[in-house]
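In: what follows is a predicted protein model with its sequence.
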Amino acid sequence: MERRLAGWKRLYLSKGGCLTLLKSTLANLPTYFLSLFPIPMSIASRIEKLQRDFLWGGLSNEHKYHLVNWQQICSPIQSGGLGIRNVAVFNKALLGNWLWSYATEPMSLWRRVVDSKYGSQWGGWCSNHSREPYGVSLWNHIRKGWSCFSQYIGFKVGDGSRIKFWSDSWCGDQFLRDRFSILFRLARNQEATVADYLHFHGTIPIWDVEFLRPAQDWELDVVDSFMGFLYSVPMRPGSMDSILWNLSSHASFEVSSFYSALSQPATSHFPWRLVWKAKVPSRVAFFIWTASLGKILTTDNLRRRRVIILDWCCLCKADGESVNHLLLHCPVARDIWNLVCSLFGVSWVMPRGVMDLLFCWNGSLGSREAGKIWKMKLHCLMWCLWCERNSRIFNGEETSIPALKFRFLQALFEWLKASDLISSKSISEMLMYLDSTDYSEKFKKYEADYTFRLMAKYFSKRNLYGGNIFDVNTTIDDEIIKSSRWPCTRSYADPVQGFEDQSSSSSAYSDETPTEISNGKVPVKKNS
(Lines give C-alpha, C1' and ligand atoms only; values in the text may rest on other atoms or scores of the structure.)
Protein backbone atom coordinates (compact mmCIF):
# COMPACT_ATOMS: atom_id res chain seq x y z
CA MET A 1 0.00 0.00 0.00
CA GLU A 2 2.74 2.45 0.93
CA ARG A 3 4.70 1.54 -2.17
CA ARG A 4 1.75 2.08 -4.48
CA LEU A 5 0.83 5.39 -2.88
CA ALA A 6 4.42 6.59 -2.84
CA GLY A 7 4.70 10.32 -2.31
CA TRP A 8 6.77 10.96 -5.43
CA LYS A 9 3.85 9.91 -7.62
CA ARG A 10 1.87 12.85 -6.28
CA LEU A 11 4.20 15.18 -8.18
CA TYR A 12 3.01 13.81 -11.51
CA LEU A 13 -0.70 13.40 -10.82
CA SER A 14 -3.55 15.85 -10.63
CA LYS A 15 -6.27 15.56 -8.03
CA GLY A 16 -8.30 13.51 -10.48
CA GLY A 17 -5.36 11.18 -11.06
CA CYS A 18 -4.80 10.82 -7.32
CA LEU A 19 -8.46 9.92 -6.86
CA THR A 20 -8.29 7.28 -9.60
CA LEU A 21 -5.15 5.76 -8.13
CA LEU A 22 -6.70 5.68 -4.66
CA LYS A 23 -9.72 3.75 -5.87
CA SER A 24 -7.71 1.34 -7.96
CA THR A 25 -5.21 0.71 -5.16
CA LEU A 26 -7.91 -0.09 -2.64
CA ALA A 27 -9.65 -2.35 -5.16
CA ASN A 28 -6.40 -4.24 -5.70
CA LEU A 29 -5.74 -4.83 -2.02
CA PRO A 30 -5.65 -8.52 -0.99
CA THR A 31 -9.40 -8.95 -0.86
CA TYR A 32 -8.95 -12.55 0.20
CA PHE A 33 -7.55 -11.47 3.56
CA LEU A 34 -10.17 -8.75 3.99
CA SER A 35 -12.94 -11.24 3.24
CA LEU A 36 -11.65 -13.77 5.76
CA PHE A 37 -9.79 -11.99 8.54
CA PRO A 38 -11.00 -8.98 10.54
CA ILE A 39 -8.64 -6.09 9.96
CA PRO A 40 -7.17 -4.50 13.12
CA MET A 41 -8.28 -0.91 13.66
CA SER A 42 -4.67 0.25 13.83
CA ILE A 43 -4.02 -1.12 10.34
CA ALA A 44 -7.25 0.38 8.99
CA SER A 45 -6.34 3.77 10.48
CA ARG A 46 -2.87 3.56 8.95
CA ILE A 47 -4.28 2.82 5.51
CA GLU A 48 -6.74 5.72 5.76
CA LYS A 49 -3.94 8.08 6.79
CA LEU A 50 -1.90 7.06 3.76
CA GLN A 51 -4.90 7.69 1.53
CA ARG A 52 -5.65 11.09 3.06
CA ASP A 53 -2.08 12.28 2.79
CA PHE A 54 -1.82 11.10 -0.79
CA LEU A 55 -5.09 12.70 -1.86
CA TRP A 56 -4.31 16.12 -0.40
CA GLY A 57 -0.71 16.14 -1.54
CA GLY A 58 1.28 15.72 1.65
CA LEU A 59 4.91 14.83 0.87
CA SER A 60 7.25 13.73 3.70
CA ASN A 61 7.04 16.42 6.38
CA GLU A 62 5.31 19.00 4.21
CA HIS A 63 2.02 20.18 5.73
CA LYS A 64 -1.04 20.25 3.51
CA TYR A 65 -4.58 21.13 4.48
CA HIS A 66 -7.10 18.30 4.24
CA LEU A 67 -10.00 20.33 2.91
CA VAL A 68 -12.83 17.79 3.32
CA ASN A 69 -13.22 15.37 6.22
CA TRP A 70 -12.70 11.70 5.52
CA GLN A 71 -16.23 10.66 6.40
CA GLN A 72 -17.57 12.96 3.70
CA ILE A 73 -15.03 11.62 1.20
CA CYS A 74 -16.08 8.03 1.88
CA SER A 75 -19.72 8.89 1.15
CA PRO A 76 -21.16 7.95 -2.26
CA ILE A 77 -20.83 10.54 -5.00
CA GLN A 78 -24.63 10.87 -5.02
CA SER A 79 -24.39 12.19 -1.45
CA GLY A 80 -21.54 14.61 -2.08
CA GLY A 81 -18.58 12.29 -1.43
CA LEU A 82 -15.93 10.72 -3.61
CA GLY A 83 -16.99 7.10 -3.26
CA ILE A 84 -13.76 5.93 -1.63
CA ARG A 85 -14.46 2.84 0.45
CA ASN A 86 -13.89 2.85 4.17
CA VAL A 87 -11.53 -0.05 4.83
CA ALA A 88 -13.04 -1.15 8.15
CA VAL A 89 -16.62 -1.03 6.85
CA PHE A 90 -15.66 -2.79 3.64
CA ASN A 91 -14.04 -5.54 5.71
CA LYS A 92 -17.32 -6.09 7.61
CA ALA A 93 -19.27 -6.21 4.35
CA LEU A 94 -16.93 -8.87 2.95
CA LEU A 95 -17.22 -10.95 6.11
CA GLY A 96 -20.99 -10.86 5.67
CA ASN A 97 -20.55 -13.10 2.67
CA TRP A 98 -19.60 -15.95 5.04
CA LEU A 99 -22.77 -15.45 7.09
CA TRP A 100 -24.82 -15.68 3.91
CA SER A 101 -22.96 -18.79 2.76
CA TYR A 102 -23.55 -20.44 6.13
CA ALA A 103 -27.31 -19.99 5.75
CA THR A 104 -27.47 -21.07 2.10
CA GLU A 105 -24.91 -23.91 1.96
CA PRO A 106 -25.97 -26.44 4.62
CA MET A 107 -24.03 -29.33 3.09
CA SER A 108 -20.69 -27.58 2.53
CA LEU A 109 -17.70 -29.01 4.36
CA TRP A 110 -16.66 -25.82 6.12
CA ARG A 111 -20.18 -25.34 7.54
CA ARG A 112 -20.27 -28.88 8.89
CA VAL A 113 -16.94 -28.20 10.60
CA VAL A 114 -18.35 -25.03 12.19
CA ASP A 115 -21.52 -26.85 13.27
CA SER A 116 -19.56 -29.66 14.85
CA LYS A 117 -17.53 -27.18 16.87
CA TYR A 118 -20.13 -24.55 17.84
CA GLY A 119 -23.50 -26.03 16.99
CA SER A 120 -26.31 -24.36 15.10
CA GLN A 121 -29.11 -22.11 16.28
CA TRP A 122 -32.75 -23.02 15.78
CA GLY A 123 -33.60 -23.01 12.10
CA GLY A 124 -30.01 -23.51 11.01
CA TRP A 125 -29.59 -19.96 9.75
CA CYS A 126 -26.61 -19.20 11.98
CA SER A 127 -24.27 -20.95 14.40
CA ASN A 128 -24.32 -20.63 18.17
CA HIS A 129 -22.28 -18.01 19.95
CA SER A 130 -18.67 -18.93 20.49
CA ARG A 131 -17.68 -19.32 24.14
CA GLU A 132 -13.96 -19.34 23.49
CA PRO A 133 -11.74 -16.48 24.68
CA TYR A 134 -11.82 -13.33 22.55
CA GLY A 135 -9.49 -13.36 19.58
CA VAL A 136 -8.84 -17.11 19.53
CA SER A 137 -11.34 -18.24 16.91
CA LEU A 138 -11.63 -16.85 13.39
CA TRP A 139 -15.32 -17.74 13.23
CA ASN A 140 -15.81 -15.86 16.48
CA HIS A 141 -15.09 -12.57 14.69
CA ILE A 142 -17.32 -13.44 11.74
CA ARG A 143 -20.19 -14.58 13.96
CA LYS A 144 -20.26 -11.23 15.79
CA GLY A 145 -21.59 -9.58 12.66
CA TRP A 146 -24.82 -11.62 12.66
CA SER A 147 -26.79 -9.12 14.75
CA CYS A 148 -26.24 -6.42 12.13
CA PHE A 149 -26.47 -8.81 9.18
CA SER A 150 -29.83 -10.22 10.28
CA GLN A 151 -31.49 -6.80 10.02
CA TYR A 152 -31.40 -7.01 6.23
CA ILE A 153 -32.59 -10.57 5.64
CA GLY A 154 -36.03 -12.03 5.08
CA PHE A 155 -37.48 -15.48 4.58
CA LYS A 156 -39.45 -17.19 1.86
CA VAL A 157 -41.91 -19.67 3.30
CA GLY A 158 -41.80 -23.24 2.01
CA ASP A 159 -43.02 -25.75 4.57
CA GLY A 160 -42.61 -23.15 7.35
CA SER A 161 -40.77 -25.43 9.76
CA ARG A 162 -37.70 -23.16 10.04
CA ILE A 163 -39.44 -19.79 10.27
CA LYS A 164 -40.88 -18.21 13.41
CA PHE A 165 -44.45 -17.06 12.85
CA TRP A 166 -44.35 -13.95 15.05
CA SER A 167 -40.68 -12.94 15.16
CA ASP A 168 -39.25 -13.61 11.68
CA SER A 169 -39.51 -11.39 8.62
CA TRP A 170 -41.45 -13.57 6.19
CA CYS A 171 -44.48 -11.43 5.26
CA GLY A 172 -43.17 -7.96 4.56
CA ASP A 173 -40.63 -5.66 6.15
CA GLN A 174 -42.25 -5.77 9.59
CA PHE A 175 -42.62 -8.58 12.10
CA LEU A 176 -46.15 -9.76 12.87
CA ARG A 177 -45.51 -9.17 16.56
CA ASP A 178 -44.98 -5.47 15.76
CA ARG A 179 -47.70 -5.12 13.13
CA PHE A 180 -50.36 -6.81 15.31
CA SER A 181 -49.04 -6.27 18.82
CA ILE A 182 -52.49 -6.76 20.44
CA LEU A 183 -52.91 -10.22 18.96
CA PHE A 184 -49.31 -11.12 19.73
CA ARG A 185 -49.99 -10.65 23.45
CA LEU A 186 -53.00 -12.97 23.10
CA ALA A 187 -51.11 -15.69 21.22
CA ARG A 188 -51.03 -19.07 22.91
CA ASN A 189 -47.53 -19.86 21.60
CA GLN A 190 -45.41 -16.81 20.86
CA GLU A 191 -42.55 -19.01 19.62
CA ALA A 192 -44.68 -20.94 17.14
CA THR A 193 -43.44 -21.60 13.62
CA VAL A 194 -45.31 -20.91 10.43
CA ALA A 195 -45.83 -24.67 10.01
CA ASP A 196 -47.72 -24.78 13.34
CA TYR A 197 -50.46 -22.51 11.99
CA LEU A 198 -50.39 -23.27 8.26
CA HIS A 199 -52.13 -26.20 6.60
CA PHE A 200 -52.89 -26.94 2.98
CA HIS A 201 -56.06 -28.29 1.46
CA GLY A 202 -54.64 -29.32 -1.85
CA THR A 203 -52.94 -26.12 -2.93
CA ILE A 204 -55.16 -23.81 -0.86
CA PRO A 205 -53.52 -22.48 2.35
CA ILE A 206 -55.55 -22.58 5.56
CA TRP A 207 -54.49 -20.57 8.63
CA ASP A 208 -55.33 -21.75 12.14
CA VAL A 209 -53.81 -19.34 14.67
CA GLU A 210 -54.46 -20.15 18.33
CA PHE A 211 -55.12 -17.48 20.98
CA LEU A 212 -55.57 -17.62 24.75
CA ARG A 213 -59.18 -16.42 24.60
CA PRO A 214 -61.84 -15.52 22.05
CA ALA A 215 -61.64 -12.05 20.60
CA GLN A 216 -63.77 -9.31 22.16
CA ASP A 217 -66.13 -7.16 20.15
CA TRP A 218 -63.64 -4.26 19.98
CA GLU A 219 -60.96 -6.65 18.73
CA LEU A 220 -62.89 -8.09 15.79
CA ASP A 221 -61.65 -5.44 13.34
CA VAL A 222 -58.05 -6.26 14.24
CA VAL A 223 -58.71 -10.00 13.80
CA ASP A 224 -60.32 -9.41 10.38
CA SER A 225 -57.35 -7.29 9.30
CA PHE A 226 -54.95 -9.93 10.63
CA MET A 227 -56.57 -12.83 8.77
CA GLY A 228 -56.92 -10.80 5.59
CA PHE A 229 -53.24 -9.98 5.73
CA LEU A 230 -52.27 -13.65 6.19
CA TYR A 231 -54.33 -14.80 3.22
CA SER A 232 -52.85 -12.06 1.04
CA VAL A 233 -49.39 -13.65 1.33
CA PRO A 234 -48.88 -16.21 -1.47
CA MET A 235 -48.01 -19.72 -0.26
CA ARG A 236 -46.85 -22.74 -2.24
CA PRO A 237 -46.74 -26.26 -0.79
CA GLY A 238 -43.92 -28.67 -1.40
CA SER A 239 -40.99 -26.24 -1.23
CA MET A 240 -38.29 -25.57 1.35
CA ASP A 241 -37.80 -22.50 3.49
CA SER A 242 -35.15 -20.15 2.13
CA ILE A 243 -33.43 -16.92 3.11
CA LEU A 244 -33.72 -13.65 1.16
CA TRP A 245 -31.50 -10.57 1.00
CA ASN A 246 -33.79 -7.57 1.31
CA LEU A 247 -31.28 -5.04 -0.08
CA SER A 248 -31.08 -6.70 -3.49
CA SER A 249 -33.66 -6.83 -6.25
CA HIS A 250 -32.87 -10.50 -6.98
CA ALA A 251 -32.84 -11.47 -3.26
CA SER A 252 -29.21 -12.66 -3.31
CA PHE A 253 -26.47 -11.26 -1.11
CA GLU A 254 -24.37 -8.42 -2.48
CA VAL A 255 -21.29 -6.99 -0.78
CA SER A 256 -21.93 -3.57 -2.30
CA SER A 257 -25.47 -3.32 -0.92
CA PHE A 258 -24.33 -4.47 2.53
CA TYR A 259 -21.51 -1.92 2.46
CA SER A 260 -23.96 0.85 1.58
CA ALA A 261 -26.19 -0.17 4.47
CA LEU A 262 -23.26 -0.28 6.91
CA SER A 263 -21.77 3.03 5.81
CA GLN A 264 -25.09 4.84 6.32
CA PRO A 265 -24.50 7.57 3.72
CA ALA A 266 -25.95 11.02 4.16
CA THR A 267 -29.43 11.48 2.73
CA SER A 268 -28.73 14.99 1.43
CA HIS A 269 -28.93 15.41 -2.34
CA PHE A 270 -25.97 16.53 -4.38
CA PRO A 271 -25.76 17.56 -8.07
CA TRP A 272 -23.23 14.84 -8.80
CA ARG A 273 -24.10 14.42 -12.46
CA LEU A 274 -23.28 18.04 -13.23
CA VAL A 275 -20.04 17.86 -11.25
CA TRP A 276 -18.64 14.51 -12.35
CA LYS A 277 -20.35 13.75 -15.68
CA ALA A 278 -19.33 16.96 -17.46
CA LYS A 279 -16.78 16.56 -20.27
CA VAL A 280 -14.01 18.36 -18.42
CA PRO A 281 -10.59 17.36 -17.01
CA SER A 282 -10.84 15.35 -13.82
CA ARG A 283 -8.89 17.90 -11.80
CA VAL A 284 -11.43 20.57 -12.79
CA ALA A 285 -14.31 18.34 -11.70
CA PHE A 286 -12.48 17.77 -8.40
CA PHE A 287 -12.14 21.54 -7.95
CA ILE A 288 -15.84 22.12 -8.64
CA TRP A 289 -16.69 19.43 -6.08
CA THR A 290 -14.49 21.10 -3.48
CA ALA A 291 -15.90 24.54 -4.28
CA SER A 292 -19.49 23.30 -4.06
CA LEU A 293 -18.77 22.19 -0.49
CA GLY A 294 -17.26 25.61 0.25
CA LYS A 295 -13.85 24.11 1.07
CA ILE A 296 -11.41 25.71 -1.37
CA LEU A 297 -8.73 27.80 0.31
CA THR A 298 -10.13 31.27 -0.12
CA THR A 299 -9.22 34.01 2.34
CA ASP A 300 -12.14 33.37 4.67
CA ASN A 301 -11.34 29.64 4.88
CA LEU A 302 -7.67 30.38 5.54
CA ARG A 303 -8.60 32.75 8.35
CA ARG A 304 -10.79 30.03 9.88
CA ARG A 305 -7.66 27.89 9.94
CA ARG A 306 -5.92 30.66 11.90
CA VAL A 307 -3.79 31.87 9.02
CA ILE A 308 -2.94 35.54 9.41
CA ILE A 309 -3.83 37.03 6.04
CA LEU A 310 -5.45 40.17 4.71
CA ASP A 311 -9.14 39.61 3.95
CA TRP A 312 -9.63 41.04 0.49
CA CYS A 313 -10.44 39.89 -3.04
CA CYS A 314 -7.50 40.11 -5.42
CA LEU A 315 -9.84 40.32 -8.42
CA CYS A 316 -12.02 43.28 -7.48
CA LYS A 317 -9.64 44.58 -4.77
CA ALA A 318 -12.56 45.50 -2.56
CA ASP A 319 -14.67 42.93 -0.80
CA GLY A 320 -13.52 40.10 1.43
CA GLU A 321 -12.79 36.90 -0.46
CA SER A 322 -15.16 33.96 0.02
CA VAL A 323 -16.04 31.04 -2.22
CA ASN A 324 -19.35 32.52 -3.31
CA HIS A 325 -17.90 36.01 -3.80
CA LEU A 326 -14.89 34.85 -5.81
CA LEU A 327 -16.76 32.53 -8.17
CA LEU A 328 -20.16 34.24 -8.41
CA HIS A 329 -20.56 37.75 -7.06
CA CYS A 330 -17.22 39.44 -7.68
CA PRO A 331 -17.57 42.19 -10.36
CA VAL A 332 -14.88 40.47 -12.43
CA ALA A 333 -16.72 37.15 -12.17
CA ARG A 334 -20.05 38.78 -13.03
CA ASP A 335 -18.57 40.27 -16.17
CA ILE A 336 -17.55 36.82 -17.42
CA TRP A 337 -20.85 35.26 -16.32
CA ASN A 338 -22.61 37.86 -18.48
CA LEU A 339 -20.52 36.69 -21.42
CA VAL A 340 -21.54 33.08 -20.82
CA CYS A 341 -25.22 33.98 -20.65
CA SER A 342 -24.87 36.03 -23.83
CA LEU A 343 -23.36 33.09 -25.68
CA PHE A 344 -26.51 31.08 -24.98
CA GLY A 345 -28.93 33.98 -25.13
CA VAL A 346 -30.33 33.48 -21.65
CA SER A 347 -31.09 35.79 -18.76
CA TRP A 348 -29.72 34.64 -15.43
CA VAL A 349 -30.07 35.74 -11.84
CA MET A 350 -27.08 34.54 -9.86
CA PRO A 351 -28.08 32.54 -6.75
CA ARG A 352 -26.52 32.97 -3.36
CA GLY A 353 -24.01 30.11 -3.37
CA VAL A 354 -22.14 27.71 -5.62
CA MET A 355 -24.22 24.73 -4.50
CA ASP A 356 -27.45 26.57 -5.40
CA LEU A 357 -26.01 27.39 -8.81
CA LEU A 358 -25.15 23.74 -9.46
CA PHE A 359 -28.69 22.65 -8.64
CA CYS A 360 -30.26 25.12 -11.06
CA TRP A 361 -27.65 24.89 -13.83
CA ASN A 362 -29.66 22.35 -15.79
CA GLY A 363 -31.48 22.14 -19.04
CA SER A 364 -30.98 20.58 -22.45
CA LEU A 365 -31.15 23.92 -24.31
CA GLY A 366 -32.57 22.32 -27.41
CA SER A 367 -30.20 19.41 -27.99
CA ARG A 368 -28.03 16.94 -26.15
CA GLU A 369 -24.80 18.50 -27.40
CA ALA A 370 -25.95 21.95 -26.34
CA GLY A 371 -26.69 20.67 -22.85
CA LYS A 372 -23.17 19.22 -22.57
CA ILE A 373 -21.62 22.50 -23.67
CA TRP A 374 -23.83 24.40 -21.24
CA LYS A 375 -22.64 22.26 -18.33
CA MET A 376 -19.04 22.48 -19.46
CA LYS A 377 -19.10 26.28 -19.42
CA LEU A 378 -19.73 26.39 -15.69
CA HIS A 379 -16.63 24.30 -14.98
CA CYS A 380 -14.52 26.26 -17.41
CA LEU A 381 -15.50 29.66 -16.05
CA MET A 382 -14.94 28.80 -12.39
CA TRP A 383 -11.64 27.14 -13.21
CA CYS A 384 -10.42 30.21 -15.12
CA LEU A 385 -11.38 32.48 -12.22
CA TRP A 386 -9.54 30.24 -9.76
CA CYS A 387 -6.42 30.11 -11.95
CA GLU A 388 -6.48 33.88 -12.36
CA ARG A 389 -6.83 34.36 -8.62
CA ASN A 390 -3.86 32.08 -7.93
CA SER A 391 -1.80 33.76 -10.65
CA ARG A 392 -2.34 37.15 -9.06
CA ILE A 393 -1.55 35.96 -5.54
CA PHE A 394 1.41 33.64 -6.12
CA ASN A 395 2.94 34.97 -9.35
CA GLY A 396 2.00 38.63 -9.17
CA GLU A 397 0.63 38.47 -12.72
CA GLU A 398 -2.66 40.22 -13.43
CA THR A 399 -4.74 39.65 -16.53
CA SER A 400 -7.19 42.22 -17.84
CA ILE A 401 -10.84 41.36 -18.09
CA PRO A 402 -10.85 41.14 -21.93
CA ALA A 403 -7.79 38.89 -21.77
CA LEU A 404 -9.48 36.78 -19.10
CA LYS A 405 -12.54 36.45 -21.30
CA PHE A 406 -10.40 35.28 -24.17
CA ARG A 407 -8.63 32.82 -21.90
CA PHE A 408 -12.03 31.43 -20.95
CA LEU A 409 -13.05 31.05 -24.61
CA GLN A 410 -9.72 29.47 -25.45
CA ALA A 411 -9.99 26.92 -22.64
CA LEU A 412 -13.60 26.15 -23.59
CA PHE A 413 -12.60 25.68 -27.21
CA GLU A 414 -9.80 23.26 -26.29
CA TRP A 415 -12.08 21.24 -24.00
CA LEU A 416 -14.80 21.04 -26.63
CA LYS A 417 -12.30 19.86 -29.22
CA ALA A 418 -10.87 17.26 -26.85
CA SER A 419 -14.39 15.98 -26.11
CA ASP A 420 -15.36 15.87 -29.82
CA LEU A 421 -18.39 18.05 -29.15
CA ILE A 422 -17.54 20.46 -31.97
CA SER A 423 -15.65 20.26 -35.24
CA SER A 424 -14.66 23.92 -35.32
CA LYS A 425 -11.05 24.77 -36.15
CA SER A 426 -10.94 28.13 -34.42
CA ILE A 427 -12.60 30.08 -31.66
CA SER A 428 -14.50 32.19 -34.19
CA GLU A 429 -15.97 29.05 -35.76
CA MET A 430 -16.93 27.83 -32.32
CA LEU A 431 -18.79 31.07 -31.63
CA MET A 432 -20.50 30.88 -34.99
CA TYR A 433 -21.50 27.30 -34.21
CA LEU A 434 -23.05 28.44 -30.94
CA ASP A 435 -24.76 31.27 -32.79
CA SER A 436 -26.21 28.92 -35.42
CA THR A 437 -28.03 26.75 -32.88
CA ASP A 438 -31.58 27.27 -31.74
CA TYR A 439 -30.76 28.03 -28.13
CA SER A 440 -28.73 31.21 -28.80
CA GLU A 441 -30.89 33.44 -30.98
CA LYS A 442 -30.29 36.25 -28.54
CA PHE A 443 -26.55 36.06 -29.10
CA LYS A 444 -26.82 38.85 -31.69
CA LYS A 445 -27.49 41.42 -29.00
CA TYR A 446 -25.11 44.28 -29.17
CA GLU A 447 -23.48 43.49 -25.83
CA ALA A 448 -22.10 40.15 -27.02
CA ASP A 449 -21.10 41.56 -30.43
CA TYR A 450 -19.34 44.48 -28.86
CA THR A 451 -17.40 42.33 -26.37
CA PHE A 452 -16.20 39.90 -29.02
CA ARG A 453 -15.17 42.63 -31.51
CA LEU A 454 -13.05 44.36 -28.92
CA MET A 455 -11.43 41.07 -27.93
CA ALA A 456 -10.74 40.19 -31.57
CA LYS A 457 -9.15 43.57 -32.29
CA TYR A 458 -7.13 43.56 -29.10
CA PHE A 459 -5.67 40.06 -29.41
CA SER A 460 -5.14 39.99 -33.18
CA LYS A 461 -3.14 43.23 -32.93
CA ARG A 462 -1.00 42.23 -29.96
CA ASN A 463 -0.90 38.45 -30.47
CA LEU A 464 -0.80 37.95 -26.71
CA TYR A 465 -1.42 34.22 -26.86
CA GLY A 466 0.84 33.37 -29.76
CA GLY A 467 -1.79 33.57 -32.48
CA ASN A 468 -4.86 35.27 -33.85
CA ILE A 469 -8.26 34.64 -32.33
CA PHE A 470 -9.16 33.30 -35.77
CA ASP A 471 -7.55 30.36 -37.48
CA VAL A 472 -4.12 31.40 -38.76
CA ASN A 473 -4.77 29.59 -42.04
CA THR A 474 -7.97 31.55 -42.75
CA THR A 475 -7.98 34.91 -44.53
CA ILE A 476 -10.35 37.46 -43.02
CA ASP A 477 -11.09 40.44 -45.26
CA ASP A 478 -13.48 43.33 -44.97
CA GLU A 479 -16.14 41.71 -47.14
CA ILE A 480 -16.32 38.65 -44.90
CA ILE A 481 -16.49 40.87 -41.85
CA LYS A 482 -19.27 42.98 -43.37
CA SER A 483 -21.33 39.88 -44.15
CA SER A 484 -20.81 38.30 -40.75
CA ARG A 485 -22.91 38.79 -37.65
CA TRP A 486 -20.56 41.49 -36.37
CA PRO A 487 -21.55 44.76 -38.15
CA CYS A 488 -18.01 46.15 -38.21
CA THR A 489 -16.59 48.05 -41.23
CA ARG A 490 -13.00 48.15 -40.01
CA SER A 491 -10.32 45.47 -40.07
CA TYR A 492 -9.87 43.39 -36.96
CA ALA A 493 -6.17 44.26 -37.06
CA ASP A 494 -6.85 47.96 -36.48
CA PRO A 495 -5.99 49.11 -32.97
CA VAL A 496 -8.64 50.39 -30.60
CA GLN A 497 -7.62 53.65 -29.00
CA GLY A 498 -7.72 53.86 -25.24
CA PHE A 499 -8.27 50.14 -24.82
CA GLU A 500 -4.83 49.07 -23.69
CA ASP A 501 -5.05 49.98 -20.04
CA GLN A 502 -8.65 49.11 -19.39
CA SER A 503 -9.64 46.27 -17.06
CA SER A 504 -13.37 46.52 -17.64
CA SER A 505 -15.14 47.22 -20.91
CA SER A 506 -18.49 48.02 -19.36
CA SER A 507 -17.26 51.12 -17.53
CA ALA A 508 -14.96 52.37 -20.32
CA TYR A 509 -17.74 52.38 -22.92
CA SER A 510 -20.75 53.50 -20.97
CA ASP A 511 -21.79 55.96 -23.69
CA GLU A 512 -22.20 53.26 -26.32
CA THR A 513 -25.66 52.72 -27.85
CA PRO A 514 -27.02 49.96 -30.08
CA THR A 515 -27.52 52.52 -32.85
CA GLU A 516 -23.80 53.21 -33.06
CA ILE A 517 -23.03 49.54 -33.52
CA SER A 518 -25.78 48.98 -36.09
CA ASN A 519 -24.27 51.82 -38.17
CA GLY A 520 -20.98 49.96 -38.32
CA LYS A 521 -19.02 52.16 -35.91
CA VAL A 522 -16.56 50.74 -33.43
CA PRO A 523 -16.99 52.62 -30.15
CA VAL A 524 -13.79 53.73 -28.48
CA LYS A 525 -13.15 55.25 -25.11
CA LYS A 526 -13.52 58.98 -25.02
CA ASN A 527 -10.53 60.68 -23.51
CA SER A 528 -11.50 62.91 -20.68
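Out: In hand now; what should we look at?
In: where in the stretch 151-300 of the chain is pLDDT low?
Out: In the predicted model of the stretch 151-300 of the chain, residues 265-267 satisfy pLDDT under 70.
In: domain ranges for this protein?
Out: Split into domains by automatic domain parsing, the chain comes to 1-146, 287-518.
In: what helix or strand is Gly172 on?
Out: Gly172 belongs to no helix or strand when elements are defined using DSSP states H and E.
In: where is the longest helix in the protein?
Out: Of all segments of type helix in the chain, defined using DSSP state H, the longest is helix 368-390.
In: which elements pack onto that helix?
Out: Packed against helix 368-390 by the contact rule (3 or more Cβ pairs under 8 Å, 6 or more residues apart in numbering; DSSP states H and E) you find helix 282-292, helix 331-344, helix 354-360, helix 401-418. Quick note: C-beta positions are derived from backbone N, CA and C, even for glycine.
In: quick one: that helix to helix 282-292, angle?
Out: Using axes from the mean of the first three to the mean of the last three Cα atoms, to 10 degrees, the inter-axis angle of helix 368-390 relative to helix 282-292 is 70 degrees.
In: mind listing what's buried in helix 368-390?
Out: Using 16 or more other Cβ atoms under 10 Å as the test for burial, helix 368-390 gives 369-370, 372-386, 388-389.
In: let me see the mean pLDDT of it.
Out: For helix 368-390, mean pLDDT rounds to 91.
In: how distant is that helix from the center of its chain?
Out: Relative to the chain's own centre, helix 368-390 is displaced by 17 Å; criterion: Cα atoms, centre = their mean, to the nearest Å.
In: please shift the residue numbers so they start at 33 in all later answers.
Out: Fine by me, first position is 33 from now on; the one you just mentioned is helix 400-422.
In: what's the angle from it to helix 433-450?
Out: Using the same axes, to 10 degrees: helix 400-422 against helix 433-450 is 130 degrees.
In: quick check: pLDDT value at the residue most central in space within the chain.
Out: Nearest residue to the geometric centre of the chain (Cα atoms, centre = their mean): Ile109, 3.0 Å. Predicted confidence (pLDDT) for Ile109: 91.
In: rewinding a little: which of the helices and strands packed on helix 400-422 has the lowest mean pLDDT?
Out: helix 363-376 (a mean of 88).
In: now do the buried residues in that helix.
Out: 363-365, 367-376.
In: quick one, which of the helices and strands packed on helix 400-422 gets closest to Gln296.
Out: Closest approach to Gln296 among the helices and strands packed on helix 400-422 (Cβ to Cβ): helix 314-324, 21.1 Å.
In: quick check: the closest residue to Trp380 other than its chain neighbours vs Glu353, distance?
Out: Nearest residue to Trp380 in three dimensions, chain neighbours excluded: Cys373, at 4.8 Å (Cβ to Cβ, 6 or more residues apart in numbering). From Cys373 over to Glu353 the distance is 24 Å, taken as Cβ to Cβ, to the nearest Å.
In: give the contact list for the closest residue to Glu137 other than its chain neighbours.
Out: In space, and not counting its chain neighbours, Glu137 is closest to Arg143: 5.8 Å by Cβ to Cβ, 6+ apart. Applying Cβ atoms under 8 Å, 6 or more residues apart in numbering, one finds that Arg143 lies in contact with Ser133, Tyr134, Glu137.
In: can you select the buried ones from these in ChimeraX?
Out: Entered in ChimeraX, the line below selects the buried ones among these, by 16+ other Cβ under 10 Å:
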select :134
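In: next step: the contacts of Arg143 restricted to helices.
Out: Among those, the ones falling in helices (DSSP H) are Ser133, Tyr134.
In: Phe438: which of the contacts of Arg143 is nearest?
Out: Ser133 (62.6 Å).
In: check the closest one and give its pLDDT.
Out: Looking at Ser133, the pLDDT reads 95.
In: could you do Leu66 as well?
Out: 88.
In: just confirm it contacts Gly128, I think it does.
Out: No - at 11.9 Å, Leu66 does not count as touching Gly128 under the criterion of Cβ atoms under 8 Å.
In: settle it for me: which of the two has more neighbours?
Out: Neighbour count, other Cβ atoms under 10 Å: between Leu66 and Gly128, Gly128 has more, with 26 against 19.
In: the more buried one reaches Trp178, doesn't it?
Out: No - between Gly128 and Trp178 there is no contact under Cβ under 8 Å: 9.2 Å.
In: name the helix or strand for His231, please.
Out: His231 belongs to strand 230-233, assigned by DSSP H and E.
In: which strands and helices sit next to that strand?
Out: Packed against strand 230-233 by the contact rule (3+ Cβ pairs under 8 Å, 6+ apart) you find strand 236-239.
In: contacts for the strand it packs on, please.
Out: With Cβ under 8 Å, 6+ apart as the test, strand 236-239 has contacts from Tyr229, Leu230, His231, Phe232, Met259, Leu262, Tyr263, Met267, Pro269.
In: in its sheet, what does the strand holding His231 sit against?
Out: According to DSSP bridges, strand 230-233 forms sheet pairs with strand 236-239 (antiparallel).
In: quick check: buried residues in the partner strand?
Out: For strand 236-239, burial by neighbour count (16+ other Cβ under 10 Å) applies to Pro237.
In: next helix or strand past that strand?
Out: Strand 236-239 is succeeded, C-terminally, by helix 252-264 (DSSP H and E).
In: quick one: contacts of that following helix?
Out: Helix 252-264 has contacts (Cβ under 8 Å, 6+ apart) with Cys203, Arg211, Phe212, Ile214, Leu215, Pro237, Trp239, Val241, Ala247.
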